[in-house]
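1. Got a predicted structure plus its sequence, pasted below:
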Amino acid sequence: MQWLNLEDNVNLLSLIGAILIILITLVVVGRMFKQMKEKKMQAELADHDWDGIKEYKNPLPVAWAVIFFILIIWAIWYFLWGYPLNSYSQIGEYNKEVTTHNMKFQEKFQNLSQEDKVKMGQNLFLVQCSTCHGITADGINNKAQNLNVWGSEEALIDVITNGSKGMNYLMGEMLGAADNGIAQEDIPAIAAYVAKELSAIKKTKNEHLVARGKEAFAVCVTCHGEDGTGKIDGQVVAPDLTTYGSSSFVVEVLNRGKSGSIGIMPAFNNGLLNDIQKQAVGEYVISLSRGE
């Protein structure tokens, strides 16, 4: 911090104001002492008194009225055109510092290796996510989502079976298989089809169920679309299954927030995590389901 930086309008304005206040104070105090010594008032006394002490009916000094009027005009200017609306503000300084920090952060960490991204994501996860999901990401006895399987074919089966609270999409909450009219035997088939043909997983443990799952997926087309992107007439209405099993899907959850059984996970789009940090968290979460 540079003291007496007169190129800064705030510093300059503050300094001028301080000097004026000191000078005016000295003048006023000097005149008052002079009047106390020399001037004797010949004015009408007020009717009321306090223990025999009365006061003069003095009119408001013209100088006081002028100064009061000037202060009102200055206050309006100060608020609207001077400080803070047209100059410095703490919020503006904070936003500028955050932007500068994020630029430096991105420049420093934009070429991280996959291993380093996972390590960074783990550290961020322990700080931001472990309160609900647990330090081992197991969801703390169903308190929250078990991220050790999230992004896997096993998790797809669970979501199709039990539904999902959703991530603030237009279609809202996804109902379970029973409410969607999905037969029990079709659940692993749909999961196999999504895992192998649509998602970023690109493999399945049940190759023989893929064809059947493609037919049964017709129930899901209403929300997710035939291509699984979650777009209907160009509008995103449901999660994009083509990114499921990748860090991009996790990043989308972080950006949108998610409803859960214990409440609502807030969206991390308020600057708490920047884009690189979100991707790092995504890589870490996906690494758990892959057993890395």
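-> That came in fine, so what should we check first? Numbering: from 1, shown residues only.
2. show me where the stretch 51-200 of the chain has strands.
-> Here the stretch 51-200 of the chain has its strands, by DSSP state E, counting those that start in this stretch, at 53-56.
3. where does it have low pLDDT?
-> 82-89, 167 (pLDDT under 70).
4. what do you get if the cut-off is 80, keeping everything else the same?
-> 56-61, 63, 78-92, 165-172 (pLDDT under 80).
5. gap between the closest residue in space to residue 132 that isn't next to it in sequence and residue 137?
-> Nearest residue to residue 132, sequence neighbours excluded (CB to CB, 6 or more residues apart in numbering): residue 144, at 4.1 Å. C-beta coordinates here come from the backbone N, C-alpha and C atoms, glycine included. Look at residue 144 and residue 137: by CB to CB, to the nearest Å, they are 9 Å apart.
6. just how off-centre is the top helix by length along the chain within its chain?
-> Using DSSP state H to define each element, the chain has its longest helix at helix 9-38. Offset of helix 9-38 from its chain centre (CA atoms, centre = their mean, to the nearest Å): 46 Å.
7. now stretch 64-71
-> For stretch 64-71, the distance to the chain centre is 44 Å (CA atoms, centre = their mean).
8. Stretch 145-159 too?
-> Distance, centroid of stretch 145-159 to centroid of chain: 27 Å (CA atoms, centre = their mean).
9. tell me how far the ends of it are from each other?
-> End-to-end distance for stretch 145-159: 11 Å, by CA to CA, to the nearest Å.
10. outside of it, which residues touch it?
-> Residues outside stretch 145-159 that contact it (CB atoms under 8 Å, 6 or more residues apart in numbering) are 133, 136-139, 174, 187-188, 190-192, 194-195, 199, 201, 204-206, 244-246, 249-250, 260, 285-286, 288-290.
11. one more time with 7 Å, if that's ok
-> 133, 137-139, 187-188, 191-192, 194-195, 201, 204-205, 244-245, 249, 260, 285-286, 288-289 (CB atoms under 7 Å, 6 or more residues apart in numbering).
12. Also stretch 239-258?
-> 151, 165, 167-169, 194, 198-201, 224, 228-230, 264-269, 273, 278-279, 281-283, 285-286.
13. returning to that earlier point: given the next helix or strand after the longest helix of the chain, what are its sheet partners and their directions?
-> Note on helix 9-38: by DSSP states H and E, the next helix or strand toward the C-terminus is strand 45-50. Here strand 45-50 is paired, per DSSP bridges, with strand 53-56 (antiparallel).
14. Please spell out which residues along the strand it pairs with are buried.
-> The neighbour-count check on strand 53-56 (16 or more other CB atoms under 10 Å) flags nothing as buried.
15. change the start of the numbering to 8 and stick with it
-> Understood, numbering begins at 8; the last thing we discussed is strand 60-63.
16. hmm, back to that, which among the contacts of stretch 152-166 end up buried?
-> The neighbour count (16+ other CB under 10 Å) marks 140, 144-146, 194-195, 198-199, 201-202, 208, 211, 251-252, 256, 267, 292-293, 295-296 as buried among these.
17. Please list only the buried members of the contacts of stretch 246-265.
-> Buried by 16+ other CB under 10 Å: 158, 172, 174, 201, 205-208, 231, 235-237, 272, 275, 280, 285-286, 288-290, 292-293, out of the contacts of stretch 246-265.
18. hey, C-alpha coordinates of stretch 263-283 in PDB?
-> The C-alpha trace of stretch 263-283 is given here as PDB (Å, rounded to 0.1, in the frame of the first residue of the first chain):
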ATOM      1  CA  ARG A 263     -26.200 -26.000 -11.000                       C
ATOM      2  CA  GLY A 264     -26.300 -27.400  -7.500                       C
ATOM      3  CA  LYS A 265     -28.400 -30.500  -6.600                       C
ATOM      4  CA  SER A 266     -31.300 -31.500  -4.500                       C
ATOM      5  CA  GLY A 267     -30.700 -34.400  -2.100                       C
ATOM      6  CA  SER A 268     -32.300 -36.400   0.600                       C
ATOM      7  CA  ILE A 269     -30.800 -34.100   3.300                       C
ATOM      8  CA  GLY A 270     -31.400 -30.800   1.600                       C
ATOM      9  CA  ILE A 271     -30.000 -28.800  -1.300                       C
ATOM     10  CA  MET A 272     -26.400 -28.700  -2.300                       C
ATOM     11  CA  PRO A 273     -25.700 -25.100  -3.300                       C
ATOM     12  CA  ALA A 274     -24.300 -24.200  -6.700                       C
ATOM     13  CA  PHE A 275     -20.600 -23.300  -6.700                       C
ATOM     14  CA  ASN A 276     -21.000 -20.500  -9.200                       C
ATOM     15  CA  ASN A 277     -20.300 -17.600  -6.800                       C
ATOM     16  CA  GLY A 278     -16.600 -17.500  -7.100                       C
ATOM     17  CA  LEU A 279     -15.900 -20.000  -4.300                       C
ATOM     18  CA  LEU A 280     -14.400 -22.400  -6.900                       C
ATOM     19  CA  ASN A 281     -12.900 -21.300 -10.200                       C
ATOM     20  CA  ASP A 282     -13.100 -23.300 -13.400                       C
ATOM     21  CA  ILE A 283      -9.800 -25.100 -12.900                       C
END
